[in-house]
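**Q** After the sequence you'll find the predicted model.
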Amino acid sequence: MDALERIKQQVSENPVIVYMKGSPDFPQCGFSARTVQALNACGVEYAYVNIYEDEEVYRALPKFANWPTFPQLYVKGELVGGCDITLDLYQTGELKKMLEEAVGRKAAA
C-alpha cells in the first residue's frame, strides 16, 4: 500500500485524526502543540500520526488534500485545516461540536 492509500485509509477509519510533528504527549513544534491543546480541551478521543515517524506520509500528505503545512486535522474524512483554523474553531465553540458529532457523542448542554 503506498502512502496516499495509507493516508486515505487512516482518514476514513478514524473519525478524528491529526497529522502532526511529534505526538500529543511530546509535540515537536508549537503549531502541533497548540492544535493538540485545543483537541484535548474538547475531551474527545482522536488518532494521530507523527509525520516524523513515516517519511512517506510526511511527503505525500501535502498532496493528499492540497494543504502544504502541518499539523493537519481531519474530521469525518474531511480536512478541517491547520493550527490557525483549529484554534479559531475552538475559540468559537465549533470545534467541540464538530468533534463530538464525529465520534457520536452528544454535546454537553
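**A** Received the coordinates, thanks.
**Q** Let's see the pLDDT reported for G104.
**A** On the pLDDT scale, G104 is placed at 89.
**Q** and what of the one 3 residues further on?
**A** What the model reports for A107 is a pLDDT of 50.
**Q** the helices in the chain, which residues?
**A** Along the chain, the stretches classed as helices by DSSP state H are 3-13, 30-42, 55-64, 83-92, 94-103.
**Q** So for P24, which of those helices sits nearest?
**A** P24 sits nearest to helix 30-42 of all the helices of the chain, at 4.7 Å, using CB to CB. From N, CA and C alone the C-beta is placed, and that goes for glycine too.
**Q** I'd like the helices of the chain laid out as CSV, including mean neighbour count and distance to V49.
**A** Formatted as CSV, those follow (neighbours: other CB atoms under 10 Å; distance: least, CB to CB, whole Å):
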stretch, mean neighbour count, distance to V49
helix 3-13, 15, 6
helix 30-42, 18, 11
helix 55-64, 15, 6
helix 83-92, 16, 16
helix 94-103, 18, 17
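**Q** Serialize those helices to TSV and add fields for distance to Q72.
**A** Formatted as TSV, the helices of the chain follow (distance: least, CB to CB, whole Å):
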stretch	distance to Q72
helix 3-13	10
helix 30-42	9
helix 55-64	6
helix 83-92	10
helix 94-103	15
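**Q** among those helices, which is nearest L73?
**A** For the helices of the chain, proximity to L73 was assessed by CB to CB; helix 83-92 is nearest, at 5.3 Å.
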